[in-house]
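In: sequence unknown, structure follows:
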C-alpha cells in the first residue's frame, strides 16, 4: 500500500502526458490553452444562462477548483454556487480529476467515494487506454464523460483552474471551457506553482497578441454567462 501512496505523490506532480501535450500546445496549438470564459471562481458563473443556452451538464476539476489541493472537502465560499448549479442541472454534474477517481492514484475508489459523500457530486472513475498509459488531462478522449452524461461533449461545460490540463483537454474534446483562478496556492508543491505561473503568463501573452479561443456553437458571446458579482 505504501508503494501506491508513493506513486500517487510523485505521479500527481509529474504528469508525463501533460508535459508532452504542453510542448505541443506551445509549438502549434496555442489556441487550445485559451478558455472560452475566465472567472475568479465558480460563484461568477451564471448556471441558469448556460442551461438556457442548451448545455446539459457540468464537469468540474477538483483540486483548486472545488477544493484546496489534495483536500476532499469543498471550499466553503463555493457552497451556494455549487448548490445553485445542482438545482439547475440536477444530477448532470460530475467531477473528473487527475487525483480522486483516477485508478492509478485512487486504486480502490475510496477517495472518489469520500468526495462524493462530502460534495454530493458523482466522481467519474477513469482508467487506462492502450499500452497501459493512464488517461490524465490533457491526454485522452472524452468517451467516459460522454457515456456518463449520455450526450456529446459539445453539450457539456468543463470547469478547471489549469490552462494546460483542464482547458486543453476541454477544448480538444469540444467542451465549453471555463477557467477559474486557483483557490489556494499554499498547499501546492513549489514546482507546480512555478509551472502554473508559466502557464498563466503564456495565456495572458497569447490573449494580448490577439489569439482567440476556439469558437463554441452554443455560446457565441462567452461573457453572457459571467456574473459581475459573485453569488452569495
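Out: Ah, there it is. Because the structure is predicted, anything quoted here is derived from the model rather than measured.
In: and the strand or helix carrying residue 198, what's its mean pLDDT?
Out: If you go by DSSP states H and E, residue 198 is part of helix 190-208. Confidence over helix 190-208 (mean pLDDT, whole number) is 92.
In: which residues are contacting it?
Out: 13, 22, 26, 30-31, 33-34, 162-164, 182, 185, 188 (C-beta atoms under 8 Å, 6 or more residues apart in numbering). Heads up, the C-betas are built off the backbone N, CA and C, glycines and all.
In: Adding secondary structure and neighbour count, write the residues you listed out as a markdown table.
Out: What follows is the contacts of helix 190-208, written out as a markdown table (DSSP: H, G, I helix; E, B strand; the rest coil; neighbours: other C-beta atoms under 10 Å):
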| residue | secondary structure | neighbour count |
| --- | --- | --- |
| 13 | coil | 13 |
| 22 | helix | 22 |
| 26 | helix | 14 |
| 30 | helix | 15 |
| 31 | helix | 13 |
| 33 | helix | 26 |
| 34 | coil | 22 |
| 162 | coil | 26 |
| 163 | helix | 26 |
| 164 | helix | 26 |
| 182 | coil | 18 |
| 185 | coil | 14 |
| 188 | coil | 19 |
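In: and which of these is nearest residue 227?
Out: residue 182 (19.5 Å; C-beta to C-beta).
In: so what's the closest residue in space to that closest one that isn't next to it in sequence up against?
Out: With sequence-adjacent residues excluded and distances taken as C-beta to C-beta, 6 or more residues apart in numbering, residue 182 is closest to residue 64, at 4.1 Å. By C-beta under 8 Å, 6+ apart, the contact list for residue 64 reads 161-162, 180, 182-184, 188.
In: Looking at those, which is nearest residue 89?
Out: Nearest member of the contacts of residue 64 to residue 89, counting by C-beta to C-beta, is residue 180, at 17.3 Å.
In: bridging residues for the closest one?
Out: residue 39 (DSSP bridges).
In: from what I can see it touches residue 43, true?
Out: No. With contacts counted by C-beta atoms under 8 Å, residue 180 stays clear of residue 43, the gap being 9.6 Å.
In: if you count what's nearby, which of the two comes out ahead?
Out: residue 180 (26 against 19; other C-beta atoms under 10 Å).
In: Buried residues of stretch 94-106, list them for me.
Out: By neighbour count with 16 or more other C-beta atoms under 10 Å, stretch 94-106 contains the buried residues 94-102, 104-106.
In: could you dump those residues to CSV with secondary structure, pLDDT and distance to residue 198?
Out: As requested, the buried residues of stretch 94-106 are exported to CSV (DSSP: H, G, I helix; E, B strand; the rest coil; pLDDT from 0 to 100; distance: C-beta to C-beta, whole Å):
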residue, secondary structure, pLDDT, distance to residue 198
94, strand, 96, 29
95, strand, 95, 26
96, coil, 92, 24
97, coil, 85, 22
98, coil, 78, 18
99, coil, 77, 21
100, coil, 78, 26
101, coil, 71, 27
102, strand, 75, 24
104, coil, 74, 25
105, coil, 74, 24
106, coil, 75, 28
